[in-house]
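Trainee: Below is the sequence, then the predicted model.
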Amino acid sequence: MTTRGSRSEKVKRIFQQFDANRDGGLNREEMAALVVAVNPRVKFSDEQINAILDEIFRTYGGFIDSEKGLSFDGLLRTYDDGAGDVDRDFDALGLELKPLEDKNGISQASEEAASSSSVADERVMEPHKKQRTAAWAASPNHGIVFDDTWKLVDDLETLIKRLKTKQMKDGKIKSDNSDVFSDPGWSRELGPSSEILDKRVIWDESGPDYAAFVKELGVLRSRADRARSRAEAFDGQMAVGRVLYEHYLFKEALVSFKRACELTPFDVKPHFRAGNCLYVLGRHSEAKEEFLLALEAAEAGGNQWAYLLPQIHVNLGIALEGEGMVLGACEHYREAAILCPTHFRALKLLGSALFGVGEYKAAVKALEEAIYMKNDYADAHCDLASALHAMADDENAIKEFQKAIDLKPGHVDALYNLGGLYMDMGRYQRASEMYTRVLGVWPNHWRAQLNKAVSLLGAGENDEAKKALKEALKMTNRVELHDAISHLKQLQKRKLRGNGNGSNNGESAFITVEPSKFKTVGEKTTLRPELAIALDIRAFQRITRLNRCEVEKIKKEMSEGDVPISYSGSGVPEKSIRKASLEVILHRLLSFLKPETFVGAVKAINQKILSMLDESESGRVDLGLFFAIIAPICGGTAEKRKQIAYESLLWRPVNEGSNQIKKSDAQRYIKLLRAIYIPTHGISEMLEIHGETDSSLFSLTEFGAMFDDQEWGFSIMSTLLKLESGDRCRHGSHVCGTCRYPIIGSRFKEMKSHFSLCAQCYSEGKVPSTNKQEEYRFKEYANEAEAVKDKCLWFGSKGGGS
């Protein structure tokens with residue numbers, strides 16, 4: 001991996017190669033030659049070249065000399081900001097890294113390793129000072145300014161060295177293996193987007209030696225605060241924070257950066273670095289606030305901080321992702337990519353975030369651009385593969401996963417996801433090999449161990465599968481493993497062979513029967529097609545957890561929220577907001593969710609609802625209509641859900657000043673509701689209603705009647721409510737006659753053959769192959785009490801008949 005020193009030296013060689021007139025700057029002609037030379041595969045037009053040069057000279061205006069052009073510092077900064085890949089460009093130009101000696105006999109390469117300053121650093125500094133700490137300290141923009149600060153740094157390095165010696169002696173220092181996961185891609189520093197070269201050190205903070213270190217560190221901070229001026233105190237606190245950060249003492253570094261923020265509240269640097277510390281410590285919400293302050297300060301500072309804006313946007317996006325706010329993160333990654341079009345990390349993060357919210361085509365485009373700029377970007381190849389797999393392009397997905405693994409053989413994400421892809425394709429042996437490799441890197445990865453067992457079972461290696469399952473049980477006691485083992489036992493008992501097609505030289509476990517052969521007994525038994533739709537909506541509820549959000553919360557959002565009125569393309573007033581702003585509202589409604597679960601909820605909502613509400617792909621949605629769409633699947637009684645849906649439509653500006661909605665609005669809403677939740681029926685209905693303008697007013701009672709209409713309304717909600725209430729209802733020892741899982745929820749009993757089906761198999765028309773009949777008559781039991789009552793009535797009728 002390129003060190004900071006060799007990186008600076010490579011940039012200097014590139015600079016010297018294109019500084020044709022040797023004036024210490026790259027003018028537009030020289031810069032154009034550099035851009036063309038390092039991108040030999042691209043045929044640039046004059047307009048494209050001029051646009052790129054305009055962007056560079058605007059963004060890095062602080063490094064531009066009006067006569068000479070872009071300075072060496074400026075070129076170095078473009079690479080530090082991710083605008084290019086130093087190693088790739090250096091190799092493309094065929095340059096070699098050989099130490100050059102200046103007229104004083106000093107090796108420029110060694111000097112650059114200690115400093116990221118300009119070619120001629122005007123500030124005189126003792127040579128030993130340059131060599132005794134990190135390269136950042138010598139930077140004229142973000143490094144040490146006062147001599148007394150160097151003494152603080154020296155004393156702090158001594159304290160850290162003493163602490164490290166004690167903890168290593170006692171065996172307390174640990175290292176993690178975070179480098180096997182995907183690189184988060186965030187910028188640790190204001191200047192270089194450098195990666196952590198060593199494995200992170202985890203300090204033991206519980207012992208007396210650490211307490212003594214913290215006490216002595218407090219003395220150093222007090223020395224910094226007693227400096228002769230506020231500027232010197234700021235310099236001292238920033239330097240102490242930087243040294244602590246470099247040694248992974250993030251909690252202590254945060255204290256110093258916070259103190260620096262107090263000393264100079266409107267400086268970008270302390271807010272940015274405090275945000276970095278908070279993010280590493282897992283305090284994502286606080287990190288977001290610090291990055292927002294850094295962003296505000298940078299934007300207020302004009303061109304002085306313009307070159308930092310892309311990195312601030314990137315880190316702010318990553319902090320938002322830590323909170324689960326992926327749509328908001330996308331906006332900041334886009335902004336970073338706009339400000340710096342060659343920022344491959346921003347493009348990779350944008351692609352990954354778009355994949356996270358289910359926008360696969362856009363994700364592929366962003367990831368391909370990132371890879372074009374940095375072909376050896378393993379994480380980008382990995383995420384591109386996942387996006388391609390989601391789009392069913394499995395062959396290309398395998399190639400991309402393999403590229404990621406070739407670049408980084410221990411890439412856990414690529415290995416694990418490739419195993420999942422092979423599983424989906426039915427290539428079980430290859431899948432088990434991938435999971436074995438994951439376990440080689442991360443031995444306690446219980447999901448990989450479980451999936452290895454499943455893949456071995458699919459490959460027919462039952463004994464090996466049992467061993468793998470036992471190993472998984474040793475790693476965790478999660479209920480998923482017990483369910484898997486129970487299910488495998490049931491499958492072995494039944495000797496299931498296939499999926500209903502009668503293959504594998506034996507009779508299949510089940511057959512699929514056409515809907516007309518399914519008859520119902522009793523008025524309470526749900527029809528098969530109706531149950532299939534309700535189960536689909538229920539699955540969406542489970543992913544989004546909207547049923548755990550009381551519908552009254554929507555009313556609170558409408559009464560307390562302040563959404564400005566905007567106008568659609570047709571001139572209709574509406575309270576529309578950007579998707580990222582809607583995500584903030586959803587975060588309040590689903591505040592009980594963990595970040596990773598919230599991301600899954602937003603993805604499902606984006607794919608199912610927002611894609612329909614934002615057909616023009618403007619990035620904006622009608623908030624009132626959105627509330628009305630989710631109200632029927634939120635928590636609460638049926639009447640309350642309908643009432644809030646009605647009030648959400650009434651809240652829209654088109655109905656302002658009225659206590660009733662228009663009939664045409666109600667009709668459009670019902671059609672849209674059906675199109676989203678009952679897509680097989682609703683799309684054609686949406687076309688029928690288009691352009692209807694019945695402006696007569698509609699009361700809540702009339703709206704309720706339209707909503708409950710069996711044929712054209714959303715009467716499926718009654719079946720949905722039944723599913724919600726029976727979620728945890730078990731039926732003793734009864735298992736489904738087809739899938740062999742214990743029945744949870746409604747039990748459907750066939751009245752002639754007396755086998756039972758779970759709701760899922762009943763909705764799909766699957767029956768055991770051993771019970772072939774011309775017609776099947778099912779009765780639904782919501783719980784075992786109903787079944788017992790029915791049995792008693794049957795015995796009573798028999799007794800009376802005799």
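Mentor: The structure has been received and is ready for your questions.

Trainee: which one is residue 444 nearest to, not counting chain neighbours?
Mentor: residue 475 (5.6 Å; Cβ to Cβ, 6 or more residues apart in numbering). Bear in mind the C-beta positions are built from the backbone N, C-alpha and C, glycine included.

Trainee: now the one you found: how far from residue 152?
Mentor: Residue 475 is 47 Å from residue 152, where distance means Cβ to Cβ, to the nearest Å.

Trainee: Then residue 670?
Mentor: From residue 670 to residue 152 the distance is 70 Å (Cβ to Cβ).

Trainee: If we go by neighbour counts, what in the lengthiest helix in the chain is buried?
Mentor: Criterion DSSP state H: the longest helix present in the chain is helix 147-169. Neighbour-count burial for helix 147-169 flags 149-150, 152-153, 155-157, 159-160, 163, 166-167 (criterion: 16 or more other Cβ atoms under 10 Å).

Trainee: Let me know the closest of the residues you listed to residue 444.
Mentor: Nearest to residue 444 among the buried residues of helix 147-169 is residue 167, at 24.4 Å by Cβ to Cβ.

Trainee: doesn't residue 201 make contact with that closest one?
Mentor: No - judged on Cβ atoms under 8 Å, residue 167 makes no contact with residue 201 at a distance of 9.2 Å.

Trainee: Which helix or which strand is home to the residue nearest to residue 337 when sequence neighbours are not counted?
Mentor: With sequence-adjacent residues excluded and distances taken as Cβ to Cβ, 6+ apart, residue 337 is closest to residue 346, at 4.5 Å. Assigned by DSSP states H and E, residue 346 belongs to helix 344-356.

Trainee: residue boundaries of the strands in the stretch 151-300 of the chain?
Mentor: Listed in chain order, the strands of the stretch 151-300 of the chain (DSSP state E, counting those that start in this stretch) span 174-175, 201-202.

Trainee: mind listing the strands for the stretch 401-550 of the chain?
Mentor: Using DSSP E, counting those that start in this stretch, strands in the stretch 401-550 of the chain cover 510-512, 518-520.

Trainee: who wins for proximity to residue 655 among those strands?
Mentor: strand 518-520 (41.1 Å).

Trainee: centre of the chain versus the closest one, how much separation?
Mentor: Distance of strand 518-520 from the chain centroid (Cα atoms, centre = their mean, to the nearest Å) equals 44 Å.

Trainee: Could you list every helix and strand that the host helix or strand of residue 648 packs against?
Mentor: Using DSSP H and E, residue 648 sits within helix 638-651. When contacts are defined as 3 or more Cβ pairs under 8 Å, 6 or more residues apart in numbering; DSSP states H and E, helix 638-651 packs onto helix 552-560, helix 623-630, strand 661-662, helix 663-677, helix 700-707, helix 716-725.

Trainee: Flag every buried residue along it.
Mentor: Buried-residue list, helix 638-651, by 16+ other Cβ under 10 Å: 640-651.

Trainee: Just the residues contacting that helix, thanks.
Mentor: 551-552, 554-555, 558, 575, 624-625, 627-628, 631-634, 636, 655, 658-661, 665-666, 669, 700, 703-704, 707, 717-718, 721 (Cβ atoms under 8 Å, 6 or more residues apart in numbering).

Trainee: Only alpha carbons, please: show that helix as PDB.
Mentor: Listed in PDB are the C-alpha atoms of helix 638-651, where the atom choice follows Å, rounded to 0.1, in the frame of the first residue of the first chain:
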ATOM      1  CA  ALA A 638     -60.300  -0.700  10.800                       C
ATOM      2  CA  GLU A 639     -62.400   2.400  11.300                       C
ATOM      3  CA  LYS A 640     -59.500   4.400  12.600                       C
ATOM      4  CA  ARG A 641     -57.300   3.500   9.700                       C
ATOM      5  CA  LYS A 642     -60.000   4.600   7.200                       C
ATOM      6  CA  GLN A 643     -60.600   7.800   9.100                       C
ATOM      7  CA  ILE A 644     -56.900   8.700   9.000                       C
ATOM      8  CA  ALA A 645     -56.700   7.900   5.300                       C
ATOM      9  CA  TYR A 646     -59.700  10.200   4.700                       C
ATOM     10  CA  GLU A 647     -58.100  13.000   6.900                       C
ATOM     11  CA  SER A 648     -54.800  12.600   5.000                       C
ATOM     12  CA  LEU A 649     -56.600  13.200   1.700                       C
ATOM     13  CA  LEU A 650     -58.400  16.200   3.300                       C
ATOM     14  CA  TRP A 651     -55.100  17.600   4.500                       C
END
